[in-house]
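Student: model the structure of this input:
(chains A and B)
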There are 2 protein chains.
Amino acid sequence: MKAEIISIGDELLIGQVVNTNASWMAVELNLAGINVVQISSVSDEGEHIQNALQEAETRADVVLLTGGLGPTKDDITKKVMMDYFGSKPKFHEPTYQHIKNLFSKRSYPLSEVNRLQAYLPDNCTILPNRVGTAAGMWFEKNDTIFVSMPGVPFEMKTLIWEQVIPNLKKRFKTPFIYHKTIMTTGIGESMLAEKIEKWESGLPDNIKLAYLPQPGIVRLRLSAEGFDEDKTKTQVDEQCELLKNYVPKAIFGYNDISLEETLANILKEKGLTLATAESCTGGYISHLITSIAGSSEFFMGSVVSYSNEAKMNLLSVNKNVIENYGAVSKEVVEKMAVGAREKFNTDYAISTSGIAGPDGGTEEKPVGTVWIGIATKKGVQSKLFHFGEHRGRNIRRSALMALNLLRLEVLGL
Amino acid sequence: MKAEIISIGDELLIGQVVNTNASWMAVELNLAGINVVQISSVSDEGEHIQNALQEAETRADVVLLTGGLGPTKDDITKKVMMDYFGSKPKFHEPTYQHIKNLFSKRSYPLSEVNRLQAYLPDNCTILPNRVGTAAGMWFEKNDTIFVSMPGVPFEMKTLIWEQVIPNLKKRFKTPFIYHKTIMTTGIGESMLAEKIEKWESGLPDNIKLAYLPQPGIVRLRLSAEGFDEDKTKTQVDEQCELLKNYVPKAIFGYNDISLEETLANILKEKGLTLATAESCTGGYISHLITSIAGSSEFFMGSVVSYSNEAKMNLLSVNKNVIENYGAVSKEVVEKMAVGAREKFNTDYAISTSGIAGPDGGTEEKPVGTVWIGIATKKGVQSKLFHFGEHRGRNIRRSALMALNLLRLEVLGL
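Tutor: Sure thing, here's the model as predicted:
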């Protein structure tokens, strides 16, 4: 079964409102085994909406529309639907009673435009909207179902959950679709693709793979279709297990968990504590960690040592070391990590020192040069990286890399 | 001129990714006087993409496509475009050299799939992608322009700004639309609306106002249409000047400048230095400041004192003060600010201590309770705030408020 979503409203086309309604519906429909093949946003213009209806009718079994059902003049969806389906307006008493009730509950006066909302097409099934004034409308034409709903998110959601999805599931035999996202880090998209090529080409036909890259992270999404829920899940989980043999270090979690949350779970589980000493990341690692609720259980704090004086005064990095090797060096980043571990009295400390850019680069140490250090009770180690030219992404990638190095260290990978 | 946006990718249709790319493009195109009439999200399937191209061709002068240009197997946009426009693949040496450069800068090995990205259609104009490996492609067919871009946001944005919009403006006569955004903070949307009501109702007919609220910040966007560029600009600038009389403290800048950037400019201009001591904001203030290029000129660093021990050891907050008043108190936040100012030897220090949530609240100090301190050479002061229940927003609003209090202090407002 193929579904399409049509979102109606000028605010979407000038970018003032991001179409989160459509994304939400897409998630719900997919979970119900209903395949969304297109999402369209169109303007509040009759001709344009009609055109969208026509196009969708040729492709989809179900067309879900949102928006344009309000009581004001710019809400024209009902009129357009009635033209498209050759409907006549008919006063719908239950809807009118419902609107009257809603208004009296809120002690609002009922206006004529609200009464007009009870005039509904005579050739559709009316879906009562128990949380708003605009009823849903279910039309059928040439084997295609069209459902028009208000654009107000909670009204639309209530209709989708309580009426649209249950009715569609009664009508169509929907397959079970299972999605699982594998989170990887520390390896670029193309290198990852090369390493897992054999695994990828060995995937069963009913499992699709998508690469979803972000700076520092590549998500692999597996989507499996099947009629047996347990079997399909097992099949996907087995593929996830297989994948570990190809990239044992890269996978840090599943289903959109963040790297910082993964690390937090590991540290909390093992009862280990952490501090950071940040130069080029400027507090971003600390911010990522403290964004997680309950991080105070394992995270003791950070010194953002942006100046050399701060490195000396707060992390006890020796002045000579800075002068001899420069602030961006193996020697300094290791002293920073050791200093932070001592000052905060933690099991681990991670440190960064680099040139985030756009200025400050030299031939020897260009923008993007970053040292990352890790201090443990056994000692200290560090690694050199070359990221790109963009300040924000250098900060982000340095932070993710530092979190990942610590993850690998703690897990002994 | 009519434009359409086609976003390609299954992740949009299963709702995993919200289509913020399309909204961003819609805003930018509208600002450039280009009208967006439809936004469509379609799956990674050849037939479906072709169908979307055909439909858009009948309606639009310009069709902008994003997504599906990566190096992996599921990225099929290039192949589909070549079929649609009857292209042959041609090795594009400049693109290959650019990809090689990108990889060698990052010390990544170049793989075969990346080399294949340099094979591009022989009958399109290639738009070099200076920040990524997938080039943009500009096709023309039956009076319609088609531009295919990668879906990675910053790559797409760079292409739109630097090449697509300038080329479209050369080609089409677009009306002159002048937009100016007034940035305000420290005052909520409805209170702001009340205070500026008279100003708003006195705006000339050709100037439209939109309120664009975010947590902690309300942007006011003025959009003026006119035939005389200079006159229209002057008219808008005059209204901006007038507005200052209504909310003299709230306006911190124009045109999407961030609060941290405004503060950075003020501090740099006055030759003043800053440090922070962060508890509930967990390094986020430091991160905001260090996200700005050149911040090392005035920002010396931060202590993220998440534990009480860190407050004592690194900021010299007396143990008795913490025990007597609690970590979230006027006394502690002021000692933190004074401690940070001394340790980093700066003109100013700001500090935060609060309960970000979701746990840790008490009847007396519920989640959202935040103290913010400022230490100057004249002494120290602090203020108590009550934000909401959401951890992320509490962190963000606390950080913005701290930056704003410092801005008002430094400017003597």
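
Student: what about chain A, any weak spots by pLDDT?
Tutor: Applying pLDDT under 70 to chain A flags residues A:73-74.

Student: ok now do the spatially most central residue of it, which residues does it touch?
Tutor: By CA atoms, centre = their mean, chain A has its centre lying nearest to A:Asp256, at 7.1 Å. Residues counted as contacts of A:Asp256 (CB atoms under 8 Å, 6 or more residues apart in numbering or on different chains) are A:181, A:183, A:219. All C-beta spots, glycine's among them, are computed from the backbone N, C-alpha and C.

Student: which one of those is nearest chain B?
Tutor: Among the contacts of A:Asp256, A:Thr181 lies closest to chain B (CB to the nearest CB), at 7.4 Å.

Student: re the thing from before, closest one to A:Ser190 out of the contacts of A:Asp256, please.
Tutor: Among the contacts of A:Asp256, A:Arg219 lies closest to A:Ser190 (CB to CB), at 15.1 Å.

Student: does that closest one touch A:Leu209 like I think?
Tutor: No. With contact defined as CB atoms under 8 Å, A:Arg219 does not count as touching A:Leu209 (10.9 Å).

Student: in strands, which of the contacts of A:Asp256 fall?
Tutor: A:181, A:183, A:219 (DSSP state E).

Student: so what's the residue count around the closest residue to A:Asn313 other than its chain neighbours?
Tutor: Of all residues not flanking A:Asn313 in the chain, B:Lys343 sits nearest, at 6.2 Å (CB to CB, 6 or more residues apart in numbering or on different chains). The local packing of B:Lys343 (other CB atoms under 10 Å in any protein chain shown) involves 22 other residues.

Student: correct me, but B:Lys343 touches B:Ala275?
Tutor: Yes. The pair B:Lys343 / B:Ala275 is scored as a contact, 7.3 Å apart, by CB under 8 Å.

Student: assign A:Arg396 to helix, strand or coil.
Tutor: Here A:Arg396 is helix, with the state taken from DSSP: H, G, I helix; E, B strand; the rest coil.

Student: and for the one 4 residues further on?
Tutor: Reducing the assignment to helix, strand or coil with three-state DSSP, the entry for A:Leu400 is helix.

Student: keeping just the C-alphas, turn stretch A:248-263 into PDB.
Tutor: Provided in PDB are the C-alpha atoms of stretch A:248-263 (Å, rounded to 0.1, in the frame of the first residue of the first chain):
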ATOM      1  CA  PRO A 248      34.100  -3.800  15.500                       C
ATOM      2  CA  LYS A 249      35.300  -0.400  16.800                       C
ATOM      3  CA  ALA A 250      33.000   1.900  14.800                       C
ATOM      4  CA  ILE A 251      29.600   0.900  16.100                       C
ATOM      5  CA  PHE A 252      28.700   2.800  19.300                       C
ATOM      6  CA  GLY A 253      24.900   2.200  19.500                       C
ATOM      7  CA  TYR A 254      21.600   1.900  17.800                       C
ATOM      8  CA  ASN A 255      18.500   4.000  17.000                       C
ATOM      9  CA  ASP A 256      19.800   7.600  17.200                       C
ATOM     10  CA  ILE A 257      21.500   7.300  20.600                       C
ATOM     11  CA  SER A 258      24.200  10.000  20.800                       C
ATOM     12  CA  LEU A 259      27.800   9.200  21.400                       C
ATOM     13  CA  GLU A 260      27.800  11.200  24.700                       C
ATOM     14  CA  GLU A 261      24.900   9.200  25.900                       C
ATOM     15  CA  THR A 262      26.600   5.900  25.000                       C
ATOM     16  CA  LEU A 263      29.700   7.000  26.900                       C
END
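
Student: filter the ones in strands among the contacts of A:Asp256 down to the ones near chain B?
Tutor: With the criterion set as CB under 8 Å from any CB of the partner chain, the members of the ones in strands among the contacts of A:Asp256 near chain B are A:Thr181.

Student: follow-up on the earlier one: distance of the residue nearest to A:Asn313 relative to B:Ser302?
Tutor: 10 Å (CB to CB, to the nearest Å).

Student: which neighbours do these two have in common?
Tutor: Contacts common to B:Lys343 and B:Ser302, judged by CB under 8 Å, 6+ apart, are B:Ala275.

Student: okay if I get the ones in strands among the contacts of A:Asp256 as TSV plus neighbour count?
Tutor: TSV is the format used below for the ones in strands among the contacts of A:Asp256 (neighbours: other CB atoms under 10 Å in any protein chain shown):
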residue	neighbour count
A:Thr181	18
A:Met183	20
A:Arg219	20
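
Student: from A:Phe299, how far out is the residue nearest to the centre of chain A?
Tutor: Using CB to CB, A:Asp256 is found at 22 Å from A:Phe299.

Student: swap in A:Gly253?
Tutor: According to CB to CB, A:Gly253 and A:Phe299 sit 19 Å apart.

Student: higher neighbour count, the two?
Tutor: Using other CB under 10 Å as the criterion, A:Gly253 and A:Phe299 rank with A:Phe299 on top: 27 against 18.

Student: between the ones in strands among the contacts of A:Asp256, which is closest to B:Val338?
Tutor: Ranked by distance to B:Val338 (CB to CB), those are led by A:Met183 at 42.7 Å.

Student: grab the nearest non-local neighbour of that closest one.
Tutor: Per CB to CB, 6+ apart, closest to A:Met183 is A:Gly253, 4.6 Å.

Student: in terms of helices and strands, where is the closest residue to A:Lys319 other than its chain neighbours?
Tutor: Sequence neighbours aside, A:Met312 is the residue nearest to A:Lys319 in space, at 5.7 Å (criterion: CB to CB, 6+ apart). A:Met312 belongs to helix A:308-315 when assigned by DSSP states H and E.

Student: who are the packing partners of that helix?
Tutor: On a contact count with 3 or more CB pairs under 8 Å, 6 or more residues apart in numbering or on different chains; DSSP states H and E, helix A:308-315 meets strand A:299-305, helix A:319-325, helix A:330-344, strand B:299-305, helix B:330-344.

Student: of all those, which one comes closest to B:Arg391?
Tutor: Per CB to CB, nearest to B:Arg391 of the helices and strands packed on helix A:308-315: strand A:299-305, 14.1 Å.

Student: measure how that closest one sits relative to helix A:308-315, angle-wise.
Tutor: 150 degrees (axes from the mean of the first three to the mean of the last three CA atoms, to 10 degrees).

Student: on contacts alone, who are the packing partners of strand A:299-305?
Tutor: Using 3+ CB pairs under 8 Å, 6+ apart: strand A:299-305 touches strand A:274-278, helix A:284-290, helix A:308-315, helix A:330-344, strand B:299-305, helix B:308-315.

Student: output the second one as PDB, restricted to C-alpha atoms.
Tutor: Right, the one you point to is helix A:284-290. The C-alpha trace of helix A:284-290 is given here as PDB (Å, rounded to 0.1, in the frame of the first residue of the first chain):
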ATOM      1  CA  TYR A 284      31.800  21.800  23.800                       C
ATOM      2  CA  ILE A 285      32.700  18.300  25.200                       C
ATOM      3  CA  SER A 286      31.600  19.400  28.600                       C
ATOM      4  CA  HIS A 287      28.400  20.800  27.100                       C
ATOM      5  CA  LEU A 288      27.600  17.600  25.300                       C
ATOM      6  CA  ILE A 289      28.100  15.500  28.400                       C
ATOM      7  CA  THR A 290      26.200  17.900  30.700                       C
END
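
Student: hmm, it in reach of chain B?
Tutor: Yes. Helix A:284-290 lies within reach of chain B by CB under 8 Å from any CB, at A:284-287, A:289-290.

Student: can I get those residues in TSV including neighbour count?
Tutor: As requested, the residues of helix A:284-290 next to chain B are exported to TSV (neighbours: other CB under 10 Å):
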residue	neighbour count
A:Tyr284	29
A:Ile285	31
A:Ser286	32
A:His287	26
A:Ile289	27
A:Thr290	27
